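>>> have a look at this prediction, sequence included:
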Amino acid sequence: MKKFFALIFIFSLLLSACQQPPENNASIKGLEKADKDPQKKVILVMIDSMTGSVIDKTKEKGSIPGLQFLMENGQYYKDLVAPFPSMSVVIESTLLTGKMADEHRIPGLNWYKVDEDRYIDYGTSIEKTLKLTPKQSFEDSLYHLNNTHLNPNIPTIHEELHAKGFTTGSVNFIMYRGHKSHPVYIPPYIQETLDLPESMQTNGPDLLAFGQLVKPQALKDKKLPESIFRKLGLNDEYSVEATKALIEAGEQPDFLTIFLPDFDREAHEHSIQYLKGFERAETFFQELLNSYDSWEQALEENIFIVMGDHGQDKLLDNDVELTIDLEELYEGMSIAPLGEKVSDYEIAFANNHRMSYVYAPNNQNSLSELAEIAMIDDRIAIASWVDGEWIHVLSPNYNSSFRFRPGNTYRDRYDQGWDIEGDERIAAIKIEKNQLKYEEYPDVLNQLQSALYSHDIPTLILAAKPSYQFYSEGAPVHEGGGEHGGIHANDTLASLIIAGTEKNPEKLRIVDLKAYILGLFEANE
């Protein structure tokens with residue numbers, strides 16, 4: 001889950017001495033009389049870091065029978081394109097809103113919030129959590145992320161389906177905003193220690209289950225893996241057991257999102273090809289199918305969408321060689337440390353592991369100079385920034401430049417129009433007549449544009465080549481393991497399995513899945 005809840009480690013120590021959280025009164029049964037009844041319900045399962053390569057290798061072994069059953073009775077794609085930066089908070093925000101970061105306004109796992117002059121970090125590491133203060137990390141991750149940071153002017157899929165008369169739910173998804181207010185359980189000791197409000201509400205779908213922190217009534221008295229040693233329920237087993245309990249209680253909504261986070265954690269440690277970890281995740285997924293009398297019945301009653309959110313790049317074994325130290329790269333400049341006002345310094349970094357934002361809060365015209373400095377490190381793939389109406393891109397591989405903007409000169413595979421000038425090899429693009437062909441970076445122009453315009457301040461983007469990651473204060477390093485966040489196909493290509501419908505997605509991008517899912521309900525009434 002991208003260390004999304006590194007801070008949960010701290011809070012869980014406090015939770016261990018407290019009573020269990022009260023259940024909220026969310027009930028699907030109570031809404032069924034008034035809501036629409038689709039012919040089939042839709043279950044979306046996100047298996048963190050699920051890629052085509054890991055599916056194919058485990059399928060050859062015959063060790064993923066549940067997913068294989070869906071593939072044999074449905075559709076299977078290996079090239080689902082994630083948004084950029086390829087981090088779960090960005091990706092899930094894009095999935096739920098159908099928009100890229102320039103519109104949904106969640107720029108990364110880490111970013112600089114200009115109006116508050118501070119870093120935002122949704123839980124990268126314990127070190128960052130402590131330096132930015134547990135109180136702020138708690139509020140950002142468990143309240144602001146869904147309720148204030150995610151653009152309130154763009155409806156989520158939960159909100160749109162509710163408006164159409166359908167019930168929705170979410171189990172352990174990081175992004176879940178909906179129309180209904182749910183109580184967040186904050187143990188009294190944490191309230192006092194962190195000076196938090198006595199009660200906190202979060203907006204979610206009709207039914208929201210988020211570990212111990214938000215529990216629907218249907219999970220009352222259920223023994224679930226939610227101890228301090230099981231990340232308070234933010235684990236695969238909890239996601240599956242909670243969903244099974246909801247199904248058995250007749251509380252399955254018309255649309256349900258379920259998040260299985262554990263394989264990502266193992267892939268960070270062992271690399272994306274850690275097949276045992278993926279097989280374990282698939283075993284939990286099988287239990288969802290087993291909630292029905294047969295797997296065939298599961299498909300008769302439901303449309304299943306099983307997806308990864310991104311890939312992972314294999315890092316070098318040597319932590320010195322693999323890390324691009326941002327402080328060394330910009331040695332001699334004053335760099336905003338964690339916990340300080342960013343505007344008091346020349347530059348600041350929002351390190352999203354295989355990409356980083358670089359800010360110059362007091363001299364935004366210096367971004368091109370900062371990009372030129374980055375070219376001294378050939379482990380960097382590209383640097384990109386906005387100047388006027390053009391987006392500029394540099395690479396240490398070429399003594400030339402490239403720039404682009406939205407236009408009508410060229411079209412790409414997603415029917416997006418662009419004007420380009422300069423050396424297109426920098427962005428790994430080939431031109432055939434008036435068509436742009438993407439190679440190493442599957443949706444590079446749209447991805448760069450959306451990330452660059454996701455802030456209220458101009459920013460420089462740095463992206464690493466395969467096998468490398470960025471390092472800055474508090475950033476984790478997974479030498480020999482897997483990492484993502486970057487713009488390369490290794491980071492941004494995930495897999496997608498759809499079964500229970502013959503309707504095909506028109507475009508294989510996560511940003512296009514919301515429209516596809518809404519279309520399923522229109523055809524399914």
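Received it, and whenever you're ready, just let me know what you need.
>>> give me the distance between Asp48 and Thr124.
According to Cβ to Cβ, to the nearest Å, Asp48 stands 16 Å off from Thr124. From N, CA and C alone the C-beta is placed, and that goes for glycine too.
>>> need the helices for the stretch 401-525 of the chain, in chain order.
444-452, 489-492, 513-524 (DSSP state H, counting those that start in this stretch).
>>> centre of the chain versus the last one, how much separation?
Its chain's average C-alpha position is 21 Å from that of helix 513-524, according to Cα atoms, centre = their mean, to the nearest Å.
>>> can you name the residues in contact with that helix?
Under the contact criterion Cβ atoms under 8 Å, 6 or more residues apart in numbering, helix 513-524 has outside partners 38-40, 42, 44, 95-98, 157, 160-161, 164, 166, 254-255, 303, 305, 307, 501, 503, 505-506.
>>> give me the buried subset of those residues.
The neighbour count (16 or more other Cβ atoms under 10 Å) marks 38, 40, 42, 44, 95-98, 157, 160-161, 166, 254-255, 303, 305, 307, 501, 505 as buried among the contacts of helix 513-524.
>>> let's see which of these end up in strands.
Those of the buried ones among the contacts of helix 513-524 mapping onto strands are Val42, Leu44, Phe255, Ile303, Ile305, Met307, per DSSP state E.
>>> now do the same contact list for the first one.
Contact partners of Val42, counting by Cβ under 8 Å, 6+ apart, are Asp254, Phe255, Leu256, Asn302, Ile303, Ile305, Ile517, Leu520, Phe521, Asn524.
>>> skipping its backbone neighbours, what lies nearest the third one in space?
What that stands for is Leu256. Spatially, and ignoring its direct neighbours in sequence, Leu256 is nearest to Gly169 (4.6 Å; Cβ to Cβ, 6 or more residues apart in numbering).
>>> and the fifth one, by the same measure?
Distances taken as Cβ to Cβ, 6+ apart put Gly500 closest to Ile303, at 3.8 Å, once the chain neighbours are dropped.
>>> surely the one you found and Glu296 touch.
No - Gly500 is not in contact with Glu296 according to Cβ atoms under 8 Å; the separation is 10.7 Å.
>>> which one's more surrounded, the two?
Neighbours were counted for Gly500 and for Glu296 using other Cβ atoms under 10 Å; Gly500 has more, 22 against 12.
>>> Ile429 is in contact with Glu439, correct?
Yes - between Glu439 and Ile429 there is a contact under Cβ under 8 Å: 7.1 Å.
>>> ok, those two, which is more surrounded?
Using other Cβ under 10 Å, the more surrounded residue of Glu439 and Ile429 is Ile429, with 22 against 12.
>>> I'd like the distance between the nearest residue to that one once chain neighbours are set aside and Ala427.
Distances taken as Cβ to Cβ, 6+ apart place Leu436 nearest to Ile429, at 5.4 Å, with adjacent residues excluded. Separation of Leu436 from Ala427 (Cβ to Cβ): 9 Å.
>>> spit out the residues that contact these two alike.
Common neighbours of Leu436 and Ala427 are listed as Leu445 (criterion: Cβ under 8 Å, 6+ apart).
>>> now do the contacts for Ser472.
Ser472 makes contact with Asp325, Leu326, Glu327, Phe349, Asn351, Ser356 under the criterion Cβ under 8 Å, 6+ apart.
>>> now do Arg280
Neighbours of Arg280 in contact, by Cβ under 8 Å, 6+ apart: Asp236, Asp262, Phe263.
>>> and with 10 Å instead?
Neighbouring residues of Arg280 by Cβ atoms under 10 Å, 6 or more residues apart in numbering: Asp236, Glu237, Leu260, Asp262, Phe263, Glu266, Tyr274.
>>> and it, what's its pLDDT?
You'll see Arg280 listed with a pLDDT of 95.
>>> quick check on it: phi, psi?
Dihedral angles of Arg280 (phi, psi; degrees, to the nearest 10) stand at phi -70, psi -40.
>>> distance of it from Ala209?
As defined by Cβ to Cβ, Arg280 lies at a distance of 21 Å from Ala209.
>>> repeat that for Gln252.
Note on Gln252: its distance to Ala209, by Cβ to Cβ, is 12 Å.
>>> in terms of neighbours, single out the busier of those two.
Each of Gln252 and Ala209 has its neighbours counted (other Cβ under 10 Å); Ala209 has more, 32 against 21.
>>> coming back round to it: out of the ones in strands among the buried ones among the contacts of helix 513-524, which is nearest to Leu219?
For those, the residue nearest Leu219 by Cβ to Cβ is Phe255; the value is 18.8 Å.
>>> so what's that closest one bridging to?
Beta-bridge pairing for Phe255 (DSSP bridges): Val42, Thr168.
>>> next: Met355.
For Met355, the beta-bridge partners are Ala463 (DSSP bridges).
>>> now do the contacts for it.
84-87, 108, 381-382, 451, 461-464, 469-470, 484-488, 491.
>>> same thing but 7 Å
Met355 is in contact with Pro85, Ile461, Leu462, Ala463, Ala464, Gly485, Gly486, Ile487, counting by Cβ atoms under 7 Å, 6 or more residues apart in numbering.
>>> and for Lys314?
Ser271, Ile272, Ser467, Gly482 are the contacts of Lys314 under Cβ under 7 Å, 6+ apart.
>>> how about it, phi and psi?
phi -80, psi 120.
>>> measure it to Glu479 for me?
Distance from Lys314 to Glu479, counting by Cβ to Cβ: 11 Å.
>>> can you check Phe69 too?
Plainly put, Phe69 is 37 Å away from Glu479 if you go by Cβ to Cβ.
>>> for the chain, give me the ranges with low pLDDT.
Along the chain, the parts satisfying pLDDT under 70 run over 1-27, 29-35, 225-232, 524-525.
>>> what about the closest residue in space to Glu92 that isn't next to it in sequence, which helix or strand?
Spatial nearest neighbour of Glu92, chain neighbours left out: Met175 (3.8 Å); criterion: Cβ to Cβ, 6+ apart. In this structure, Met175 sits in neither a helix nor a strand according to DSSP states H and E.
>>> count the neighbours of Met175 for me.
If you count neighbours by other Cβ under 10 Å, Met175 ends up with 25.
>>> about what we covered before: is it possible to get CSV of the contacts of Met355 that adds neighbour count and distance to Asp512?
Putting the contacts of Met355 into CSV (neighbours: other Cβ atoms under 10 Å; distance: Cβ to Cβ, whole Å) gives the following:
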residue, neighbour count, distance to Asp512
Pro85, 34, 19
Ile461, 26, 23
Leu462, 27, 27
Ala463, 29, 23
Ala464, 28, 27
Gly485, 28, 21
Gly486, 33, 21
Ile487, 29, 18
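>>> tell me the centre residue of this protein?
Central residue of the chain (Cα atoms, centre = their mean): Ser88, 1.5 Å from the mean position.
>>> right, and that residue touches Ile174 too?
Yes - counting by Cβ atoms under 7 Å, Ile174 is a contact partner of Ser88 at 5.8 Å.
>>> now Glu321: how far from Arg379?
Counting by Cβ to Cβ, the gap from Glu321 to Arg379 is 9 Å.
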